[in-house]
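>>> need coordinates for the below:
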Amino acid sequence: MTRRETAEASAARAVRMLEAGDREGAVEALLAFLRDDAIGEPEVARLLGVSRRTLQSWRQLGDGPPWYKLSRAVKGRVHSILRVAGRGRGGGR
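Okay, the predicted model is just below:
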């Protein structure tokens, strides 16, 4: 398994835990994931409990979690997403 596949598996595991109501387990999985900390828009949306369209709107407004583009993919960093999740919407770039 490549480093990227491992990171994506860790992010997916954290999302499943969060969706199952295991917030502590999800946070632990995300903290373990910080070394590889780039996740895609679908995972960010699930972690924050918003739609992908909401994330897109936030980016246009300069709001929401910080993000960057890698080729055509929009990515977010886990530590930034955790900060946004902890304080609600907002954060800007």
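>>> what helices and strands are in contact with the longest helix along the chain?
What stands out as the longest helix in the chain, according to DSSP state H, is helix 3-19. Counting contacts by 3 or more C-beta pairs under 8 Å, 6 or more residues apart in numbering; DSSP states H and E, helix 3-19 packs against helix 23-33, strand 38-40, helix 41-48. Backbone N, C-alpha and C define where each C-beta goes, glycine included.
>>> for the ones you listed, give me CSV that also has mean pLDDT and distance to residue 14.
Output for the helices and strands packed on helix 3-19, formatted as CSV (pLDDT from 0 to 100; distance: least, C-beta to C-beta, whole Å):
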stretch, mean pLDDT, distance to residue 14
helix 23-33, 76, 4
strand 38-40, 81, 9
helix 41-48, 86, 7
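>>> just send those back as a markdown table, with mean neighbour count and distance to residue 8 too.
As requested, the helices and strands packed on helix 3-19 are exported to a markdown table (neighbours: other C-beta atoms under 10 Å; distance: least, C-beta to C-beta, whole Å):
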| stretch | mean neighbour count | distance to residue 8 |
| --- | --- | --- |
| helix 23-33 | 16 | 10 |
| strand 38-40 | 19 | 8 |
| helix 41-48 | 19 | 8 |
